[in-house]
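S.K.: Return atomic coordinates for the entry below.
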Amino acid sequence: MTYLKIKNDGLIDVKAFSLIGASTKLGNANTIGQFGSGNKYAIAYLLRNNYDFKVFSGSNEIEFSKKQQEFREQSFDIICINGQETSMTTQMGFDWKMWYAMRELICNAMDEDGFELIEDAEIDSNSGETHIYIKNTDELKEFMLDFDNYFSMKKKTLCKVGNGSILRNHGTPTVNIYRKGIRCYDGLRKALFDYNFDFIDINESRVAKYNWQIDDLVRSAIVKLNDKAMIKK
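M.R.: Got it, this is the predicted structure:
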């Protein structure tokens, strides 16, 4: 049995999974997170979809489980952390896709030093590191095969313009738009290039709020081009 391993230096505080709205990254231009809910929504997604996963803060495992509870004649699964009930349910982020959850866990690790993403890993622990393990499934393997379309760091920058960059599209039929290197656009529009911008308004699902803003950013990037070959293309 092998897992996808997400690793970073330092020990994650268990409150990172339980304290909704608590973010130390708001207003920090060097970090990706800002809402203080991403880790919680990601855990809710994994529990809701019965993923086999483990989280270690150093050598201590943070254990996640769910417990059914009735509320107004409906059943909800309460998220439990280390056996203690929280006020959160697995319905948080009910419309999230798998790549949303993976993006959050990876981005939070990327915001720290010593980030590594390791496929086909065995479970271990390190006293000075945070490790997250997610059992490999067909869906998770598909995500990893498409990794470069969710994160732009390996894409070639064709031109820097204003507060962003025009990137080479790796043959995908639709455009990929990134905010700080993280995909934030689910549109089905075609384009010659992909784009990465330092700032895009996003909602709590971390996707672009406004199509008009995407249009304006792309239009502005193209207008500022001064590379003759790019303009000709």
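
S.K.: wait, Asn163 sits on Ile200?
M.R.: No: between Asn163 and Ile200 there is no contact under Cβ atoms under 8 Å: 9.9 Å. C-beta coordinates here come from the backbone N, C-alpha and C atoms, glycine included.

S.K.: and these two? which has more neighbours close in?
M.R.: Ile200 (23 against 13; other Cβ atoms under 10 Å).

S.K.: Using the three-state scheme, assign that one.
M.R.: coil (DSSP: H, G, I helix; E, B strand; the rest coil).

S.K.: What segments of this structure are helices?
M.R.: 38-48, 98-110, 138-145, 147-150, 211-223, 228-232 (DSSP state H).

S.K.: which other residues reach the shortest one?
M.R.: Here helix 147-150 makes contact (Cβ atoms under 8 Å, 6 or more residues apart in numbering) with 99, 102-103, 143, 154-155, 170, 172, 176, 182-183.

S.K.: rerun at 7 Å
M.R.: Residues outside helix 147-150 that contact it (Cβ atoms under 7 Å, 6 or more residues apart in numbering): 99, 103, 154-155, 170, 172, 176, 183.

S.K.: Just the buried subset of those residues, written out for PyMOL, thanks.
M.R.: The buried residues among the contacts of helix 147-150 can be selected in PyMOL (16 or more other Cβ atoms under 10 Å) with this line:
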select buried, resi 99+103+155+176+183
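
S.K.: Now pLDDT too, for the contacts of helix 147-150, in JSON lines please.
M.R.: Below are the contacts of helix 147-150 laid out as JSON lines (pLDDT from 0 to 100):
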{"residue": "Trp99", "pLDDT": "89"}
{"residue": "Arg103", "pLDDT": "91"}
{"residue": "Lys154", "pLDDT": "87"}
{"residue": "Lys155", "pLDDT": "92"}
{"residue": "His170", "pLDDT": "81"}
{"residue": "Thr172", "pLDDT": "82"}
{"residue": "Asn176", "pLDDT": "93"}
{"residue": "Arg183", "pLDDT": "92"}
